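> One predicted model, sequence on top.
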Amino acid sequence: MFTNAAIDIAKRQNHDPILAYVYNQDTQVVFLEYEHLLESVFTAKSIKPGDTFIMMEKQTFIQMLNEIGFLIHPKKPTPEEEKKQKEAREAKVANKQLTPDQEALLAEKQDGFAEAEVAACIQMVGTFDSDCLDYYNFLECIVRVVKARPYTEEEEKEIPDFQLKVDRICS
């Protein structure tokens, strides 16, 4: 029974490296520190279909991330910026010489981490119902989303401070 890679956590970690973070000692300490808060949020946002256990719908999880401001929605360009982008695209299609500003405008990529990216990130996590999460899947989704989200330089500077706080709590 334990030779099955889908059951043994150590073997599952070989196929899915994010699980190594889920079962990491530091992650477990953070989950333990915020256990009451995490359980409360999960219980409040969950449903209990029939005579089963409580489950959180994945869409509810994504909406919760949006409510707390964790998602990154691409910036909507101003009408002037839209006009410049349109001119740059038209010039490129017409094989005209592009100015450096137009080339930069076309090469600019909008960083975003919205609902679709979160849904793709947590797609493989689920209970018997693939659109729902039990508590442990809820915790796994938190780790997956935190690892997948792109962070700004300012946010990355704050991460070591947060890690220091967690380290102080643990010691």
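Arrived safely.

> How is this structure partitioned into domains?
9-74+112-170, 76-109 (automatic domain parsing).

> In terms of mean pLDDT, which of those domains ranks lowest?
For the domains of the chain, mean pLDDT drops lowest on domain 76-109, to a mean of 76.

> residue nearest the centroid of this structure?
Residue closest to the average C-alpha location in the chain (Cα atoms, centre = their mean): Val145, at 2.2 Å.

> Backbone torsions only: list them for it.
The phi and psi values for Val145, taken as degrees, to the nearest 10, are phi -70, psi -40.

> circling back: most tightly packed of the domains of the chain?
domain 9-74+112-170 (a mean of 14; mean count of other Cβ atoms under 10 Å). Backbone N, C-alpha and C define where each C-beta goes, glycine included.

> next one: that one to chain centre, how far?
Centroid separation between domain 9-74+112-170 and its chain, computed with Cα atoms, centre = their mean, to the nearest Å, is 7 Å.

> From Leu139, how far out is the residue nearest to the centre of the chain?
Distance, Val145 to Leu139, by Cβ to Cβ, to the nearest Å: 11 Å.

> got any residues that touch both of these two?
By Cβ atoms under 8 Å, 6 or more residues apart in numbering, Val145 and Leu139 have no common neighbours.
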